[in-house]
Structure formats: structure tokens, C-alpha cells
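> Kindly generate the corresponding structure for this input.
(chains A, B, C and D)
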Protein chains: 2
Amino acid sequence: MTGPCDPSSSRPPESGDARATLPLVTLDEPERLRADAARNRTLLLEAASRLMAGCGATNLTMESVAAAAGVGKGTVFRRFGDRTGLLIALMDHREGLLQAAFLSGPPPMGPGAPAVERLHAFGPAVIRHEREHHELILASRADPLRTYAVPATRLRVSHVAMLLRQAHVAGHPELLAHTLLGSIDAALVRHLTTDRGMSIEQLDQGWHDLVSRLGARP
Amino acid sequence: MTGPCDPSSSRPPESGDARATLPLVTLDEPERLRADAARNRTLLLEAASRLMAGCGATNLTMESVAAAAGVGKGTVFRRFGDRTGLLIALMDHREGLLQAAFLSGPPPMGPGAPAVERLHAFGPAVIRHEREHHELILASRADPLRTYAVPATRLRVSHVAMLLRQAHVAGHPELLAHTLLGSIDAALVRHLTTDRGMSIEQLDQGWHDLVSRLGARP
DNA sequence: CGAGCAAGCGGACCGGAGTCCGTTTAACTT
DNA sequence: AAGTTAAACGGACTCCGGTCCGCTTGCTCG
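This is a model prediction of the structure:
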């Protein structure tokens, strides 16, 4: 007879990343993989993407992904940790274009335009990107805390915080960045448009309004 | 050989509540229960609460709750739908005090104070309440979209939106309410304090700052 | 080039969420 | 009070996420 909870494997709640205290911009993790592992990783992501296109993200099972990639189930877990990890990797992979656009694309989103203009351009782009991939994004949110460890999220936050600093906006840049991003969160956008009848244009309007008010000097 | 996805039980993604288009203040759902069902519901909530106190929310299994309440497993699912539903019910139940405080408690949170003051008082109270129950709150967030159907969430949103209207704040009240509430979301607060070294006082400060800036007339 | 070994692999296995359906029972009807 | 019915009950069953551990294989160093 064991204790009432489950004494085996006292898991220190997963704890995410130890290097969370590093500056937010440290987003690189090359993670040297052995040749076969790297190949299988790609195979798995492709298989998952293919399966997800056919059925929903909800119907994606780890076993089917493994089978479709021609590897064992254990391999999927070894590579991605768990189901959420796989979904996050998949989602993260699809952010490439958006990231390129605001990191190094042409103005007004990319560098070259004044910070406030870049901020204004950022919101609508994110809203549209998230609408396009909402299923995957929502599915990858099973653990709310893990969101903050997702590279794409961290990059957005540090990017917006940087723009806020450049625009000399008063207040705590990181907190403000989270607040701004929260107003165009995928789940919220989905709720407001689907259940509450708001239009994308109203959301754009709300974003511009918010940026303007925060940026305004008293 | 079946289709590639899973043709059985084509579940129309759960769809939450059909009455989501009703005015946000409609929060009542008396839900007449048969005597035995009502009794078992209480037994189950008590059992779950007791078990959760002993072990974490993560270690709470539906079967153990059923056993501790002396009912069958099927009964738990019939009553609460799924695990998330049980956790939401549990969490919702614990919001009573906070809700009483901002709905009918003494000023500055309760009625009697000017709307802007009530807004200022609201944030810190929520932050503290969420810190106290973060485990349950976070655990009940498995499905990000369902959050907006949780009575406690809807009540907060409609309350803040009302205060914003009363304070004659420009902009879309509901969107602004979500934005404000997003800045003190349980997961965000947890992240900022645990991983990013912010203090509760800084978060309070951020809240007051935000409310002030939104409330300020140009 | 060959040996050592850490990393990768895979599939049997386990536990818990969610379903199903035959049985029981509270509430209402006459 | 007995009959009727819709709701509630319970536990066997299925399916999937996650673990475990013995086997294999790509790298590295002598």
C-alpha cells in the first residue's frame, strides 16, 4: 500500500527551462543531433504536418505520426518530449515567415520605419497569422505555463518590448508587451470573432487604439 | 479499413455553450438536478477538494474522486462532462468571496466608489486571489477556448467592461476589459514573478498605470 | 581502422480519461 | 398507491499518452 498520491517518480513539475533567466533574446538552441535523429525529426514533422492537414490537430495521435514517419512510438517521445512538444515544434516551425517579416522584412513592419509605426503594423499581421493557424496554435496550448517558453512567444515579447523602449513608452516594457500581445491572443481573437461577433477590422482598430494610447505623451 | 482520421463519433468540437450570444451578464444556470444527483454533486466536489488539498491538482484522477465520494466513475463524467469540467466547477466554486467583494462588498472595490477607483482596486485583489489558487486555476485551463465560457471569467469581463463604460473610457469596452484582465492573467503573473523576477508590487503598479492611461482624457 | 560508448531506437506495457449500455431510482401522474 | 418515464448510476471496456528497458547504431578517439 502506497501513499495517497503517487510517491513514484516525484516529478518536480517539469520546470520548463533552467535558462529562463537569460536575456529574453537568447532564442538559439541548435541542439546537435545525430544524423539519424535529425533525419527522423524531419520525417516526423513532415508526417505530422501531413496528417494534420488531412484530419484535425485533435485527431493527431502520437502513434499515427510515428507510423506515418516509419519510426517507433518511443522515438517521437524521445525527440519531442510529449504531444504538446510536438505541436509546439510544428507551430514554431510555421512562424518563420512572420518572424522574417518583422525582424528583417520591409517597413513598416521591418526595420527602417519608426518604432511606433512598426508597432502599429505588427498587430494586424499577427492577428491574420494566428487566424490562419489557429487550430494548431490552440492545440499547442495544453499547458498554459509552457507558452512562455515557446521560442515564437519569447521572440514576439522581446520584439514588442524592444519597440516600446525605442518609442520611449513609459512603464515596464515587458509587462506592456505581454499586455499588448494579450489583446491579440489567438484564443481571444477566436472568441471575440466567433462568439461575440467582432470583425477583424474592429480588432485592428482596437490594436491601433491601444498602441496610440500607450505611446501618447501626456 | 476505416478513413484516415476516425470516422466514429464525428464530434462537432464540443461547441461549448449555445447561448454564448446572450448578454454577458446572463450567468445563471440553475440546472435543476434530481435529489440524488444534487447530493452526489456536492459529495464529489467535496471529495475532489479534499483530495486536491492532499495531493496536487495534477494527481487528481477521476476514478479516485469517484471512489472518495463513494460513487461510480460514470457519475463523475455525467455530472461534469470531463476532467476539465470538474476542475472548472471546483475553481468556480472558490471564486465566491472575490465575487462578493467586487459585486457587493464595501468600497473601493464594491459599489459606492467611483468607477475608476473600483477599477484600481480590482486588479490587486484579483492578482492576490489568483496567486492563492494558481494551481487549480492553471489546471483548469487545459482547453484555452473554454476559458471564455467559465462563469467566473465572464463575470469578471462583464464587470470590468461595465466599469469602463461608467468611467466613460473611450474604445471597445469588452476588448479593453479582456486586455486589462490579460495583464493580470494567472499564468502571466506566475511567469513574471517566478521566471522573470517581478514582484507583486510591480504588477500592482503596472495595473494602476494601465488603468490610469486608459482612463486619462486627452 | 576498430573498439568503446553515448545516443538513438522501438515496441511491450501501464495508467487514466472518456464511452457505453444494462440496471436502478426519484419524481410526477392519475 | 401503483404505474410510467426520464434521469441517474456504475463498472466493464476502449483508446491513447507516456514510460521502460533491452537492443542497435552513428560518432570519436586511439
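> how about the CA coordinates for the longest helix seen in chain A, as CSV?
In chain A, with assignment by DSSP state H, the single longest helix is helix A:35-54. Extracted C-alpha coordinates of helix A:35-54, given in CSV (Å, rounded to 0.1, in the frame of the first residue of the first chain):
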residue,chain,number,x,y,z
ALA,A,35,22.4,12.2,-38.3
ASP,A,36,19.7,9.6,-37.9
ALA,A,37,18.0,11.6,-35.2
ALA,A,38,17.9,14.7,-37.3
ARG,A,39,16.6,12.8,-40.3
ASN,A,40,13.8,11.3,-38.2
ARG,A,41,13.0,14.6,-36.7
THR,A,42,12.3,16.0,-40.1
LEU,A,43,10.4,12.9,-41.1
LEU,A,44,8.2,13.2,-38.1
LEU,A,45,7.4,16.9,-38.5
GLU,A,46,6.5,16.3,-42.2
ALA,A,47,4.4,13.3,-41.3
ALA,A,48,2.6,15.2,-38.5
SER,A,49,2.0,18.1,-40.8
ARG,A,50,0.6,15.9,-43.5
LEU,A,51,-1.7,14.0,-41.0
MET,A,52,-2.8,17.3,-39.5
ALA,A,53,-3.8,18.6,-42.9
GLY,A,54,-5.9,15.6,-43.5
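> buried ones in that helix?
Neighbour counts using 16 or more other CB atoms under 10 Å in any protein chain shown place A:40-41, A:43-45, A:47-49, A:51-52 of helix A:35-54 among the buried residues. C-beta here means a position set from N, CA and C on the backbone, and glycine is covered the same way.
> List, out of those, those positioned next to chain B.
Filtering the buried residues of helix A:35-54 for proximity to chain B by CB under 8 Å from any CB of the partner chain leaves A:Leu51.
> secondary structure element for A:Val137?
Let me fix one detail, which is that residue A:137 is Ile and not Val. For A:Ile137, the element it lies in under DSSP states H and E is helix A:134-139.
> about what we covered before: out of the buried residues of helix A:35-54, which are close to DNA strand C?
A:Asn40 (CB under 7 Å from any atom of the strand).
> Now the residue lying closest to A:Lys73 once chain neighbours are set aside. Its backbone dihedrals?
Residue nearest to A:Lys73 in three dimensions, not counting chain neighbours: A:Ala66, with 4.6 Å by CB to CB, 6 or more residues apart in numbering or on different chains. Per-residue torsions, A:Ala66: phi -60, psi -50 (degrees, to the nearest 10).
> do you know how far A:Ala66 is from DNA strand D?
According to CB to the nearest atom of the strand, to the nearest Å, A:Ala66 stands 9 Å off from DNA strand D.
> tell me what the least confident helix or strand in chain A by mean pLDDT is packed against?
Sorted by mean pLDDT, DSSP states H and E, the helices and strands of chain A end with helix A:35-54, the least confident at a mean of 92. When contacts are defined as 3 or more CB pairs under 8 Å, 6 or more residues apart in numbering or on different chains; DSSP states H and E, helix A:35-54 sits against helix A:62-69, helix A:73-80, helix A:83-94.
> what angle sits between the first one and helix A:83-94?
This means helix A:62-69. Between helix A:62-69 and helix A:83-94, the angle comes out at 50 degrees (axes from the mean of the first three to the mean of the last three CA atoms, to 10 degrees).
> could you give me the average pLDDT of helix A:62-69?
For helix A:62-69, mean pLDDT rounds to 94.
> again with the last one
In this model, helix A:83-94 has an average pLDDT of 95.
> So which elements touch that helix?
In terms of contacts (3+ CB pairs under 8 Å, 6+ apart), helix A:83-94 is packed against helix A:35-54, helix A:62-69, helix A:73-80, helix A:134-139, helix A:151-166.
> For the helix or strand following it, report the contacting residues that lie outside it.
Sequence-wise, the next helix or strand downstream of helix A:83-94 (DSSP H and E) is helix A:96-104. Helix A:96-104 is contacted by residues A:109-111, A:118, A:122, A:125-126, A:129, A:152, A:155, A:159 when judged by CB atoms under 8 Å, 6 or more residues apart in numbering or on different chains.
> which parts of helix A:96-104 are buried?
In helix A:96-104, counting by 16+ other CB under 10 Å, buried: A:98-99, A:101-102.
> No more questions from me, cheers.
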